[in-house]
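In: I'll drop the sequence and a predicted model, then ask my questions.
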There are 2 protein chains.
Amino acid sequence: MRFTSETPSDGIREQLFTLGEIPGVLWTPQGAAGTRPLILMGHGGGQHKKDPDILGRARRFVTECGFAVVSVDVPGHGDRPTDKEYDRIATENQARAEAGAEPAPLIAGFQALVARRTVPEWRAVLDAVQQCANVGAGPVGYWGLSLGCGLGVPFVAEEPRVRAAVLGLGGALATAEAAARIAVPVEFLLQWDDERVPRVQGLALFDAFASAEKTLHANPGGHQEVPAFELDSTLRFFTRHLG
Amino acid sequence: MRFTSETPSDGIREQLFTLGEIPGVLWTPQGAAGTRPLILMGHGGGQHKKDPDILGRARRFVTECGFAVVSVDVPGHGDRPTDKEYDRIATENQARAEAGAEPAPLIAGFQALVARRTVPEWRAVLDAVQQCANVGAGPVGYWGLSLGCGLGVPFVAEEPRVRAAVLGLGGALATAEAAARIAVPVEFLLQWDDERVPRVQGLALFDAFASAEKTLHANPGGHQEVPAFELDSTLRFFTRHLG
């Protein structure tokens, strides 16, 4: 793990790093020392590790909860090189969707393929980040919607350090089997009028989690319209389970 | 409206009253004067106006939010005389259910019958309670689960003073038409393994609300197992919309 830059801003210490070929960013409370809860955030499709969606939430996890937050670019996203195989599949999928195929199974199949790379990558990121003196081996939470859910479900299923997860905007097609191996508390966000994930698929994924404590929060609107008040709920959820 | 007793306890002023034949209770912050938000709470089937389910929540609305809370006995419940027609229908329904009939449509039909009495009763209660100097004509919220949802949906649909409602543990069978006339923010609680309300009926009721802001909170467990952390969410919901 190699830190490449460090910027303090508004009480937050931001450290860019690379771990092998993975570019990432670690946020911690400025001047913080010692072990603290760590949230790994998985960005959405077409986004990157410092997308405004990620940054706004990370800022609140750090400043209001005192957590550490780590976010890395998914293969083919952000500062990572384009991936020829992924590009070929994406182009094929787009052609199939334009020819009338259901997009949900195509998206699910693609996410399952990418997850075979990101699960071991993210576990290695946890190993490295927990070596930092201002992070340590505290409890870990996972946050990810959409692509971050499709990649997050298999990650949370495999990684025993994760104690609580906020997931959502994903369906059961690719991930129901992994979801059935998740037993930690889950807060699951579903958009009632999601144009990308059929409602029944989202409900089926919520149903599949083996967790004794799981909460479905469903709100009207499309894939990109999760209401702002859900972030308040996310903060309370992680504070309850990691704090 | 006639007040029959008054008890202060732990910062809460409790006033029992009767309005015509309706026995009720009003809780306000001790020593409070002036207009404040008012929550009308509808109790569950077989419960009464001071059921522990009601009392515990009312206490937090008053002490943490400074709201007034009013709760009255539904016909045939609490301090009200038994109702021969209701008893006859309840006995018939029980016999039908034992003979293999689906209970959900029977419960829905019964609640629709009772609502024809409780909607005007509850509107009269609002009229009377808002005359009190320590309540006034502030914004009104409604809270009710199970029977309190079956009676609450038609009430909220009819009563323009209600600005926000927490409802749940109810299905669409009796109330979908009224739900489609509700446009205020709704937080809707659904128990994923509800043995009385089929999941699809609960989801259909959530779907039926016309509200631009509505949130479904679904949790594992049976009809009586709403998790305690949902009350925290209820407090925040009412504070956001009435506070």
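Out: Yep, it's here.
In: show me what from chain A comes close to chain B.
Out: Contacts of chain A with chain B, taken as C-beta under 8 Å from any C-beta of the partner chain, map to A:192, A:203, A:206-207, A:211-220, A:227, A:229, A:232-233, A:236, A:240. The C-beta positions use only the backbone N, C-alpha and C, and glycine is treated the same way.
In: which parts of chain A are strands?
Out: Using DSSP state E, the strands assigned to chain A run over residues A:2-9, A:12-19, A:22-29, A:38-42, A:68-72, A:140-145, A:162-168, A:186-191, A:214-219.
In: of those, give the one that comes closest to A:T118.
Out: Across those, the minimum distance to A:T118, taken as C-beta to C-beta, is reached by strand A:38-42, at 7.7 Å.
In: in the closest one, what counts as buried?
Out: For strand A:38-42, a neighbour-count test (16 or more other C-beta atoms under 10 Å in any protein chain shown) marks A:38-42 as buried.
In: any idea how far it is from the chain center?
Out: 6 Å (C-alpha atoms, centre = their mean, to the nearest Å).
In: out of the strands of chain A, which gets the lowest mean score?
Out: Among the strands of chain A, strand A:2-9 carries the lowest mean pLDDT, a mean of 91.
In: quick one: which of the strands of chain A is nearest A:A101?
Out: strand A:186-191 (22.1 Å).
In: got a list of contacts for that closest one?
Out: Under the contact criterion C-beta atoms under 8 Å, 6 or more residues apart in numbering or on different chains, strand A:186-191 has outside partners A:145, A:164-169, A:197, A:199, A:202-203, A:205-206, A:209, A:211, A:213-223, A:225-226, A:230, A:233-234, A:237.
In: what does stretch A:1-19 give?
Out: For stretch A:1-19, the surrounding residues in contact (C-beta under 8 Å, 6+ apart) are A:23-32, A:59, A:62-63, A:72, A:124-125, A:128-129, A:131, A:134.
In: do stretch A:58-70 as well
Out: Residues contacting stretch A:58-70 (C-beta under 8 Å, 6+ apart): A:10-12, A:24-29, A:32, A:36-41, A:71, A:125-126, A:129, A:132, A:134-135, A:141, A:231, A:235, A:238-239, A:242-243.
In: just the buried ones among the residues you listed, please.
Out: When burial is judged by neighbour count using 16+ other C-beta under 10 Å, the buried members of the contacts of stretch A:58-70 are A:12, A:24-29, A:32, A:36-41, A:71, A:125-126, A:129, A:132, A:134-135, A:141, A:235, A:238-239, A:242.
In: for burial, what's the neighbour tally of the residue lying closest to A:L19 once chain neighbours are set aside?
Out: Excluding its sequence neighbours, the residue lying closest to A:L19 (C-beta to C-beta, 6 or more residues apart in numbering or on different chains) is A:M1, at 4.9 Å. For A:M1, the neighbour count with other C-beta atoms under 10 Å in any protein chain shown is 16.
In: try A:D73
Out: 21.
In: now A:K84
Out: Around A:K84 there are 9 other residues, counting by other C-beta under 10 Å.
In: chain B versus that one, what's the distance?
Out: Note on A:K84: its distance to chain B, by C-beta to the nearest C-beta, to the nearest Å, is 42 Å.
In: which of the residues of chain A next to chain B are buried?
Out: Buried members of the residues of chain A next to chain B, counted by 16+ other C-beta under 10 Å: A:192, A:203, A:206-207, A:211, A:213-220, A:227, A:233, A:236.
In: select the longest helix from chain A.
Out: helix A:103-129 (DSSP state H).
In: so that helix versus strand A:22-29, what angle?
Out: If you take axes from the mean of the first three to the mean of the last three C-alpha atoms, to 10 degrees, helix A:103-129 sits at 60 degrees to strand A:22-29.
In: rounded mean pLDDT for helix A:103-129, please.
Out: For helix A:103-129, the mean confidence score works out to 94.
In: show me what that helix is packed up against.
Out: Applying 3 or more C-beta pairs under 8 Å, 6 or more residues apart in numbering or on different chains; DSSP states H and E, we find helix A:103-129 packed against strand A:12-19, strand A:22-29, strand A:38-42, strand A:68-72, helix A:84-98, helix A:147-150, helix A:152-158, helix A:172-179.
In: centre of the chain versus that helix, how much separation?
Out: 10 Å.
In: now the angle between strand A:38-42 and it, please.
Out: Computed by the same axes, to 10 degrees, the angle between helix A:103-129 and strand A:38-42 is 150 degrees.
In: can you pull the pLDDT of the closest residue in space to A:R240 that isn't next to it in sequence?
Out: The shortest distance from A:R240 to any non-neighbouring residue, by C-beta to C-beta, 6+ apart, is to B:F229 (7.1 Å). Looking at B:F229, its pLDDT stands at 95.
In: hang on, B:F229 packs against A:H241?
Out: No: B:F229 lies out of contact with A:H241 (C-beta atoms under 8 Å); the separation is 10.7 Å.
In: share the number of residues neighbouring A:P185, please.
Out: Neighbours around A:P185, by other C-beta under 10 Å: 21.
In: now it: closest residue in space that isn't a chain neighbour?
Out: Nearest non-adjacent residue to A:P185, counting by C-beta to C-beta, 6+ apart: A:E213, 4.2 Å away.
In: tell me the contacts of A:H77?
Out: A:H77 touches A:43, A:46-48, counting by C-beta under 8 Å, 6+ apart.
In: repeat the analysis, applying 6 Å as the threshold.
Out: A:H48 (C-beta atoms under 6 Å, 6 or more residues apart in numbering or on different chains).
In: same check on A:P220?
Out: A:W192 are the contacts of A:P220 under C-beta under 6 Å, 6+ apart.
In: same thing but at 8 Å, please
Out: Per C-beta under 8 Å, 6+ apart, neighbours of A:P220: A:191-193, B:211-214.
In: same thing with A:E159?
Out: The contact partners of A:E159, by C-beta under 8 Å, 6+ apart, come to A:119, A:122-123, A:126, A:140, A:142.
In: which of those ranks first by neighbour count?
Out: Using other C-beta under 10 Å as the neighbour test, these are led by A:Y142, with 29 neighbours.
In: who does that residue form a beta bridge with?
Out: Listed beta-bridge partners, A:Y142: A:L40, A:A165 (assigned using DSSP bridges).
In: isn't it right up against A:E158?
Out: No: between A:Y142 and A:E158 there is no contact under C-beta under 8 Å: 11.1 Å.
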